[in-house]
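# Structure here, sequence nowhere to be found:
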């Protein structure tokens, strides 16, 4: 039997576990209640005001069905508003609230700390190389994902 510690799938799963645990720990320690996916969604909504839920899901590579629950929780926390559009009443545009902007600004030091902790044990060159290799590997396998990243969908309606 081969060793799981040499298999990229196992290592990716373990790194994801570490990354999520570290993110939660740092964010909670700073007094915030936000998950990594909620943070990613809020950041994307801030960057693209008026984005719809389907485009948001594609932009952060998240399942289209599950993103609704993420948006529900952000709306319940008062961080995001949903509004219907004149051109299509079925589409809900998302807008970050002032409280959402404030949270993003105040949470940033905890997020930076989490990123640093995730990469501890690596010097800066190694950390940059790991990020570069992860980006390259993810780009090569993007279409194999159940929720592929569709960064170029923003602005297309």
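Arrived safely, thanks for sending. Note that the structure is predicted; figures quoted are calculated from it, not measured.

# Now the residue most central in space within the chain: which helix or strand?
The centroid of the chain falls nearest to residue 40 when counting by CA atoms, centre = their mean (3.0 Å). In the assignment (DSSP states H and E), residue 40 maps to helix 36-47.

# Could you double-check that residue 79 lies in contact with residue 97?
Yes: between residue 79 and residue 97 there is a contact under CB atoms under 8 Å: 5.8 Å. Every C-beta, even on glycine, is put in place using the N, C-alpha and C of the backbone.

# Looking at those two now, which is surrounded by more residues?
Each of residue 79 and residue 97 has its neighbours counted (other CB atoms under 10 Å); residue 79 has more, 24 against 17.

# The residue lying closest to residue 54 once chain neighbours are set aside: what's it in contact with?
Closest residue to residue 54 apart from its sequence neighbours, by CB to CB, 6 or more residues apart in numbering: residue 64 at 5.8 Å. Residues counted as contacts of residue 64 (CB atoms under 8 Å, 6 or more residues apart in numbering) are 53-54, 57-58, 147.

# Look up how far residue 131 lies from residue 3.
Noted for residue 3: a distance of 25 Å to residue 131, by CB to CB, to the nearest Å.

# the more surrounded of these two?
Under the neighbour definition other CB under 10 Å, residue 3 and residue 131 were set side by side, and residue 131 has more, 13 against 7.

# Can you list the neighbours in contact with the helix holding residue 40?
Outside helix 36-47, the residues that reach it (CB under 8 Å, 6+ apart) are 19-20, 23-24, 27, 34, 51, 56, 59-60, 62, 67, 70-71, 73-74, 79-80, 94-96, 100-101, 103-104, 107, 111.

# swap in stretch 50-60?
37, 40-41, 44-45, 48, 62-64, 67-68, 71, 91-95, 147-151, 153-154, 156-157.

# Residue 74 contacts residue 99, correct?
No: using CB under 8 Å, residue 74 is not in contact with residue 99; the gap is 10.4 Å.

# before we move on, back to that, quick one: which of the contacts of residue 64 is most hemmed in?
So for those (other CB under 10 Å), the most neighbours sit at residue 57, 24 neighbours.

# among the contacts of residue 64, which two are most distant?
53 and 147 (13.1 Å; CB to CB).
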